[in-house]
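Enquirer: Fold the following for me, if possible:
(one chain, ligands or ions: 1)
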Amino acid sequence: MSEAPRSRRSTPWPPVDTESPAPHPDAPRPGTKLAVHYDQCFGCGDVEGGLHMRSTMGEHALVHSQFAVTEAHQGAPGLAHGGLLACAFDEALGSAVGNLLRRPAVTGKLETDFLRPVPVGSTLFITAKVDGVAGRKLYASAEGRLGAEDGSVAVRARALFVEVGFEHFTTHGDPDALTKFRQTPDQINP
Ligand SMILES: CCCCCCCCCCCCCCCC(=O)SCCNC(=O)CCNC(=O)[C@H](O)C(C)(C)COP(=O)(O)OP(=O)(O)OC[C@H]1O[C@@H](n2cnc3c(N)ncnc32)[C@H](O)[C@@H]1OP(=O)(O)O
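Expert: Residues are numbered from 1 along each chain as shown. Prediction:
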């Protein structure tokens with residue numbers, strides 16, 4: 001991925017010593033269209049006004065996601081809301097972590113750099129990767145380009161995901177969470 005503008009370079013990433021992320025033996029092969037992980041997910045599910053993101057496993061352990069920005073996603077007239085762009089990156093980064101490592105994890109920290117406005121009607125092409133693993137801490141980063149895989153970089157993001165047990169979802173969320181994950185075909189299989 002391309003270098004950040006000098007004015008926006010920040011702290012080293014990952015911020016701690018990490019091991020290289022070894023893809024799980026069951027990680028999807030390059031070219032695989034990645035399944036919706038939960039059909040009520042705002043990022044990838046069949047939710048009115050949701051982001052309806054779709055992702056594909058790429059070469060070199062990169063995950064490619066697309067976010068088609070509609071009028072439902074505006075912050076200012078004709079422009080995507082920054083919070084929804086952050087949501088799109090949370091989804092893309094989570095998809096990279098979940099599919100490559102196949103370890104259940106939640107976002108602990110998410111940071112975004114908004115470099116260019118993202119207009120309604122445009123598609124953001126997001127490429128995400130896992131950068132390193134330190135125990136339960138899983139570090140990932142992504143960039144989103146306007147209109148094409150080689151378009152201008154509009155947003156960059158990086159995130160810490162923390163591996164959790166499946167009880168995280170049943171204890172804090174819905175006791176039937178695992179059943180609901182399973183009801184979405186090809187999903188998290190504890
Ligand atoms: C399996 C098959 C998959 C198949 C394919 C699936 C595809 C799947 C696609 C998913 C796509 C959706 C992607 C959206 C994902 C969400 O949006 S998840 C929802 C938003 N996130 C949350 O709700 C998380 C809420 N927070 C929490 O539950 C807890 O704070 C956490 C994150 C679990 C951590 O709590 P904890 O387990 O008690 O652990 P804790 O000791 O506090 O932290 C662990 C380590 O992380 C560090 N840490 C934690 N938070 C931070 C932070 N903010 N900053 C810095 N360090 C931190 C701690 O310092 C600690 O470091 P060490 O001391 O170990 O060095």
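
Enquirer: interface residues of the chain facing the ligand?
Expert: 37, 43, 90-91, 94-95, 98-99, 102-104, 106-109, 135-137, 160, 162, 164, 188 (C-beta under 6 Å from any ligand atom). All C-beta spots, glycine's among them, are computed from the backbone N, C-alpha and C.

Enquirer: can you pull out the helices in the protein?
Expert: 82-101, 167-172, 177-183 (DSSP state H).

Enquirer: Could you list the low-pLDDT ranges of the chain?
Expert: Within the chain, the stretches with pLDDT under 70 are 1-9, 185-190.

Enquirer: repeat that with 80
Expert: 1-10, 184-190 (pLDDT under 80).

Enquirer: Which parts of this structure are strands?
Expert: 54-57, 63-68, 74-76, 79-80, 105-114, 123-134, 137-146, 153-163 (DSSP state E).

Enquirer: Can you turn the buried part of the residues of the chain next to the ligand into a PyMOL selection?
Expert: The buried residues among those can be selected in PyMOL (16 or more other C-beta atoms under 10 Å) with this line:
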select buried, resi 37+43+90+91+94+95+98+99+104+107+137+160+164+188
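
Enquirer: Report the central residue of the protein.
Expert: Geometric centre of the chain, nearest residue: A92, 1.8 Å, by C-alpha atoms, centre = their mean.

Enquirer: show me the contacts for that residue.
Expert: Going by C-beta atoms under 8 Å, 6 or more residues apart in numbering, A92 touches M53, S55, V63, S65, F67, I126, A128, A142, G144.

Enquirer: what does Q74 give?
Expert: Contacts of Q74 (C-beta under 8 Å, 6+ apart): A80, H81, V120.

Enquirer: From the centre of this protein, give me the residue that's furthest out.
Expert: P77 (25.6 Å).

Enquirer: nearest spatial neighbour of A105, skipping sequence neighbours?
Expert: F161 (4.0 Å; C-beta to C-beta, 6 or more residues apart in numbering).

Enquirer: so the one you found sits right up against L100, yeah?
Expert: No. If you go by C-beta atoms under 8 Å, F161 and L100 don't touch, sitting 11.2 Å apart.

Enquirer: Which one of the two is surrounded by more residues?
Expert: The residue with more neighbours, out of F161 and L100, is F161; 27 against 23, by other C-beta atoms under 10 Å.
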